[in-house]
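Q: model this:
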Amino acid sequence: MDLGIKGRHALICGGSKGLGRAAAESLAREGVNLTLVARSRDALDNAASEIASASGVTVSVIAADVTSPEGRSEVLAGCPNPYILVTNPGVRQTPDNFRTMSRADWDGWMDAHFFSALELIRALVPGMCERKFGRVVNISVSFIKFPQVNFGHSHAARLALAGAIGSMVRELVTYNVVINSVLPGFFDTDALRTNLHAHAARGNTTYEAIVADRIKSTPAGRFADPKECGDLIAFLCSAQNGYMTGQNIVNDGGVYQGLF
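A: Presented below is the predicted three-dimensional model:
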């Protein structure tokens, strides 16, 4: 299936590793030129070289932290007119106790998982509307559908983003600009492995035991390959996907049992 986006330009946040890189690779296979954003220049250069070599597309990089206003300014200056935006702060969610968190702690999570995406969207969708094509995909997490104990800070920020997007999309869809979010579950990434090692340490158990427990709780019986999320994101960015907008699409191997 030709997704109809060959020659378009995409801005991919968190594009050097994990699900962000998977999205970049899937879009590159469709002929989309890329600007990758992450904090580590070395990781970015490595990802850009490998993706460009495999696909033949043009890949540029911006080493910046999108969770800060300064970082977002750098990104917007370096890539002001993309047709596609994939938001992803590249910040692992870590547990904390809502009773002891300070206001500054909560604000930090809002910067990471709300403002990092919102400010890029607000800056870039006017140009997309003028060009009559825009696709925005936010990489969120499946747990916003069933929030977990000790993660209220990160879930709250991501739910705030979902609410803001739900209001915005009705003004944008008439211009062929759509915004959707993917809510991945257990994908085999460095971030997941780091999180599970931390869970094992907190629970005084082994990493292998934690992995077995998570796989047992997943109806699919496995962790997913990142490209399974990357390909979903690529479709959401396709020319064909001009009608579905404001959706939060769970991609978790059947863990979430709700209908809505």
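Q: show the end-to-end separation of stretch 60-74, please.
A: The first and last residues of stretch 60-74 sit 14 Å apart, counting by CA to CA, to the nearest Å.
Q: right, I mislabeled it, should have said stretch 237-246
A: 13 Å.
Q: now stretch 181-197
A: 27 Å.
Q: from P82, how far off is the nearest residue to I139 once chain neighbours are set aside?
A: Leaving aside its sequence neighbours, I139 sits nearest to N88 (CB to CB, 6 or more residues apart in numbering; 4.1 Å). From N, CA and C alone the C-beta is placed, and that goes for glycine too. N88 sits 14 Å away from P82, going by CB to CB, to the nearest Å.
Q: settle it for me: which of those two has more neighbours?
A: Neighbour count, other CB atoms under 10 Å: between N88 and P82, N88 has more, with 26 against 23.
Q: and the helices in the chain?
A: 18-29, 41-55, 69-78, 103-110, 116-131, 152-172, 190-202, 207-216, 226-236 (DSSP state H).
Q: hang on, the residue nearest to I139 packs against L11?
A: No: if you go by CB atoms under 8 Å, N88 and L11 don't touch, sitting 10.7 Å apart.
Q: contact partners of the helix or strand bottoming out on mean pLDDT in the chain?
A: Ranked by mean pLDDT, DSSP states H and E, the weakest helix or strand in the chain is helix 190-202, scoring a mean of 90. Residues outside helix 190-202 that contact it (CB atoms under 8 Å, 6 or more residues apart in numbering): 17-18, 92-95, 186, 206-207, 209-211, 214, 223.
Q: adding neighbour count, distance to G166 and pLDDT, write these out as CSV.
A: Listed next are the contacts of helix 190-202 as CSV, based on neighbours: other CB atoms under 10 Å; distance: CB to CB, whole Å; pLDDT from 0 to 100:
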residue, neighbour count, distance to G166, pLDDT
K17, 19, 29, 96
G18, 24, 26, 96
R92, 15, 26, 82
Q93, 21, 21, 83
T94, 13, 27, 88
P95, 15, 27, 89
F186, 21, 26, 95
T206, 12, 41, 95
Y207, 14, 38, 93
A209, 13, 39, 93
I210, 19, 34, 93
V211, 18, 35, 95
R214, 17, 30, 95
F223, 19, 30, 97
